[in-house]
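Trainee: This is the structure alone, sequence omitted:
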């Protein structure tokens, strides 16, 4: 025995509505428009809030020469580091200035892209080391092993003594 659309009453359900479901109430066009406007305002408000939350206040960078006065002086022969030693350091070669040295390492200060101030350690027979910090905002102390570069406006911790201008070593 085969079943037809009429026997299952599917034909009338498809084209005339389903049994047991009441007539749909139509909302006014004004209510629909108000709902869409409210949704649009919520989306726009969320985007504006998100954009404002991501913005950080701009902090002006301080001139590195104001933080470490030796950078205001012209570069001398003793301030230059061989280009082969600077290959991977991402600093401006013309900004290197000699700070101090000990038995095994020579220390320099330099500037780097993105307004950074860097302390460089050039150990004899080993790879160079750097410590960099942004010049924007509060000056940061830079440290490599037992040597610390203390920019103007920052203080050296106890137990360190000044070896040269802005340069401190562990006592």
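Mentor: Yes, it's here. The shown structure was predicted, so the numbers you read here are calculated from the model rather than taken from an experiment.
Trainee: Let me know the pLDDT of the closest residue to residue 72 other than its chain neighbours.
Mentor: Once flanking residues are discounted, residue 72 sits nearest to residue 65: 3.8 Å by C-beta to C-beta, 6 or more residues apart in numbering. Where you see a C-beta, it was placed from the backbone N, CA and C, and this is true even at glycine. If you check residue 65, the pLDDT there is 88.
Trainee: likewise the one 10 residues further on?
Mentor: Reported pLDDT at residue 75 in the predicted model: 92.
Trainee: helices or strands up against the lengthiest helix in the chain?
Mentor: The residue-count maximum for a helix in the chain (DSSP state H) belongs to helix 29-54. Counting contacts by 3 or more C-beta pairs under 8 Å, 6 or more residues apart in numbering; DSSP states H and E, helix 29-54 is packed against no other helix or strand.
Trainee: need the next SSE after it, C-terminal direction.
Mentor: As assigned by DSSP states H and E, the chain's next helix or strand after helix 29-54 is helix 64-67.
Trainee: Would you mark the buried spots in that following helix?
Mentor: Residues of helix 64-67 classed as buried by neighbour count (16 or more other C-beta atoms under 10 Å): 64, 67.
Trainee: Same check on stretch 142-157?
Mentor: Quick answer for stretch 142-157 (16+ other C-beta under 10 Å): 142, 143, 144, 147, 148, 149, 150, 151, 156.
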